[in-house]
Every structure is written in structure tokens, then in C-alpha cells.
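Asker: Below is the sequence, then the predicted model.
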Amino acid sequence: MTKVSVVGSISMDLVTSTKRVPQAGETVFGENFAMVPGGKGANQAVAFARLAPRDVNMIGAVGNDAFGETILKNFKENAVLFDDVGTVPQTTGIAQITLFDDDNRIIIIPGANNEVLPDYLENFWEKIKDSQLVVLQNEIPHETNLAVAKFCKENAIKVLYNPAPARKTDLEMIEFVDYITPNEHECKELFPNEFLEEILAKYANRLIVTLGSEGVIFHDGNEVQKIPAIKAKVVDTTGAGDTFNGAFAFGLTENLSIADSIQLAVVASHLSIHKFGAQGGIPSLAEVEDKLKELNLNFYKEKKGL
């Protein structure tokens, strides 16, 4: 059994760093440019694999182009199982990322990711059925996410759903998934005109809301719990949320509590923003363990009897 299957997006990130964002009709000089593998699904798979190599299976699609070849090579180098990543007659997905003022602005061009439709999964259902946990996000078609979530519900497979970027159909997913991990903006789009604490209580131990530099908040069935963020000197926040989700999934498959899984994920995402690129800063398990020890948080080693 594979611990985790990630059904989701794969892209090449085109990353520009700048000290100024141009106004309409304006041209400015940037600082740096790089092309690095990304996509929410791929990032989350790599984040899991850095903690548990060869325990995560990626299901998705790339195009028949040089970007696709580079991405498949990257999966191999990062110990992500990728036999279920197909090559389709479309361009590989692209994310145009601008880094400015310690934050990012992203434009996504789905490309091959739009080909990951329910029919595309015909040969993958048994792989999904053999998974301990399935991870979904919103950079593939909604009908695919819904089909996977319903299949998992019918087969008693837990689902972690990261509704990013937010879309109007997200509410259709909630009854079929076990964990929902929006950021604060996505949460407001999911539940407009509702108070956060009331929503958290309604979805106790299921709704985990990331608040950026403010940490993570959820309801444990008795009260709202907040796991604070760790102060950091930011290099690149791209992929921090994906690192959080991959590490949170790892904690769940290690049978950690929700609170401890969140704490582990907070540490992983904290470490990720110290380096460039969505995947460049994703930490190994040893790095996460060292940081937990530094913070005097020993729950993971205690759980593993180390």
C-alpha cells in the first residue's frame, strides 16, 4: 500500500524577482529569473517525499515538451512515484510567479492539468483505493476532484482537500472529504458572511485554516486551538502552503494527532521559506526533527519511540 496518492497539478514555475511591480503600460527591470518545477499537486507530493521517500504516488499529467521531461526527472530525483503521470498532447502547465516585497503573485496556465478529467483516472482507481490518504487541490478540474472524493468516501479512504485556488464549487466537496485546509482568504470565499470561530466549530477537527504569519487555527471539538507561526527571515513564500499540506499529510499517516500534525507542518513550512523556489526549501525529515528539537517539541520522536 502507498501511504499517499496525490491527484493534482504539475507545472513549471517561471519565477521573476523584482523590487518594483510595473503599473499598466510600464516596463521595469527585474532582479532575477528562474524556471523550477512546481504545481500544487507536485509540490505537495515532493513535500511528503522529503519526509517519507517513495511513500507517495503522483497522479497527473504533463505535456509532450521539454518542461514535461524536466518535471519527470525531478520526480525521480525527489523519490516521488510517478508511473501514473501521463504525457498528453498539451503544453505542460505553467505558473508565472512574481516575487515582490516578501510575497508572491501567481498566474496559472493549466495546460495539461486540464486533461486530468475523471475518464483520465480510469486506470488509476485501484492505486487510489490502495492509498492510506488521498490529497487533492484545485488546479485540476473540479469534476475530477469530486469524482475522487466520492470514490474515497465509498471506499473508506481519508481525503485531505486543499481548496486552492478557491472556486465557487468548493462547497460541493466538503461532505466527501475528511480534512479541509484553506488559507484565510479561501476560507472567506468558502464561507462568506460567517464568523470564523462558528465555522471552525461546525467542522471541528476537519477545517484547518492557515493564517500566514499568524499561524494555523482549528477547533478540537472543545475549543478553538491556534498553532503559532515561527518567525523567519523570508526568502521566498512560494510553496509554503504546499509544504504545509504535504507535511500535514505525513503527520496524519504517522498517526500523529491533528494538533501535532499541524505543528509538524508549521515547522516544515517555516523551513521552506528560507530558500528559493516552491520546492527548493522543502525540508527533509532530519531537518524537521532538528527544528522540533530546537523548539523543545519532541512529540514526533516520542511517538516513534526514538
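Answerer: Sure, I can see it. Worth saying up front: this structure is predicted, and the values here are computed from it rather than measured. Numbering: from 1, shown residues only.

Asker: Same question for the residue nearest the centre of the chain, what's its three-state structure.
Answerer: Geometric centre of the chain, nearest residue: Asp242, 2.8 Å, by CA atoms, centre = their mean. At Asp242 the chain is in helix, as set by DSSP: H, G, I helix; E, B strand; the rest coil.

Asker: could you list every residue that touches the closest residue to it other than its chain neighbours?
Answerer: Nearest residue to Asp242, sequence neighbours excluded (CB to CB, 6 or more residues apart in numbering): Asn43, at 3.5 Å. C-beta here means a position set from N, CA and C on the backbone, and glycine is covered the same way. Taking CB atoms under 8 Å, 6 or more residues apart in numbering, we find Asn43 in contact with 239, 242-243, 246, 278-279, 282.

Asker: Quick check: of these, which lies closest to Met173?
Answerer: Nearest to Met173 out of the contacts of Asn43 is Asp242 (CB to CB; 18.1 Å).

Asker: check contacts around the closest one.
Answerer: 40, 43-44, 47, 162, 278.

Asker: swap in Trp125?
Answerer: Contacts of Trp125 by CB under 8 Å, 6+ apart are Phe151.

Asker: May I have the lowest-mean-pLDDT helix or strand in the chain exported as CSV, CA atoms only?
Answerer: One helix or strand of the chain scores below all others by mean pLDDT, DSSP states H and E: helix 299-304, with a mean of 73. Below are the C-alpha coordinates for helix 299-304, written out as CSV (Å, rounded to 0.1, in the frame of the first residue of the first chain):
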residue,chain,number,x,y,z
PHE,A,299,6.3,14.7,20.1
TYR,A,300,7.4,13.1,16.8
LYS,A,301,10.4,11.2,18.2
GLU,A,302,8.4,10.2,21.3
LYS,A,303,5.7,8.9,19.0
LYS,A,304,8.2,6.8,17.1
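
Asker: Could you give the separation of it from the chain centroid?
Answerer: Counting by CA atoms, centre = their mean, to the nearest Å, helix 299-304 is centred 24 Å from the centre of its parent chain.

Asker: just stretch 84-95 next, same as before
Answerer: 19 Å.

Asker: List the buried residues in that stretch.
Answerer: 84-86, 88, 90-95 (16 or more other CB atoms under 10 Å).

Asker: And for it, what's in contact with it?
Answerer: Taking CB under 8 Å, 6+ apart as the rule, stretch 84-95 contacts 9-14, 38-39, 57-65, 67-68, 71-72, 75, 106-115, 120, 123-124, 127, 139.

Asker: ok, 6 Å please
Answerer: Applying CB atoms under 6 Å, 6 or more residues apart in numbering, the contact partners of stretch 84-95 are 11-13, 38-39, 58-65, 67-68, 106, 108-113, 115, 124.

Asker: residue ranges with poor pLDDT in the stretch 101-250 of the chain?
Answerer: Applying pLDDT under 70 to the stretch 101-250 of the chain flags residues 236.

Asker: where exactly do the strands run in it?
Answerer: 103-109, 133-137, 158-162, 179-180, 209-210, 216-219, 224-227 (DSSP state E, counting those that start in this stretch).

Asker: right, and those strands - which one's nearest Val235?
Answerer: strand 103-109 (11.5 Å).

Asker: Can you give me the neighbour number for the closest residue to Leu271 other than its chain neighbours?
Answerer: Closest residue to Leu271 apart from its sequence neighbours, by CB to CB, 6+ apart: Pro283 at 4.1 Å. The tally of other residues near Pro283 (other CB atoms under 10 Å) stands at 23.

Asker: Then Gly212?
Answerer: Count around Gly212 with other CB under 10 Å applied: 15.

Asker: ok so, going back, for the strands of the stretch 101-250 of the chain, give me TSV that also has mean neighbour count and distance to Ile273.
Answerer: Shown next, in TSV, are the strands of the stretch 101-250 of the chain (neighbours: other CB atoms under 10 Å; distance: least, CB to CB, whole Å):
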stretch	mean neighbour count	distance to Ile273
strand 103-109	15	11
strand 133-137	27	19
strand 158-162	24	18
strand 179-180	22	23
strand 209-210	26	13
strand 216-219	22	15
strand 224-227	16	16
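
Asker: Pipe those strands into TSV and attach distance to Ser272 per row.
Answerer: What follows is the strands of the stretch 101-250 of the chain, written out as TSV (distance: least, CB to CB, whole Å):
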stretch	distance to Ser272
strand 103-109	13
strand 133-137	17
strand 158-162	15
strand 179-180	20
strand 209-210	13
strand 216-219	14
strand 224-227	16
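
Asker: Specify the stretch among those strands that is closest to His274.
Answerer: Here strand 103-109 is closest among those (CB to CB), at 15.0 Å.
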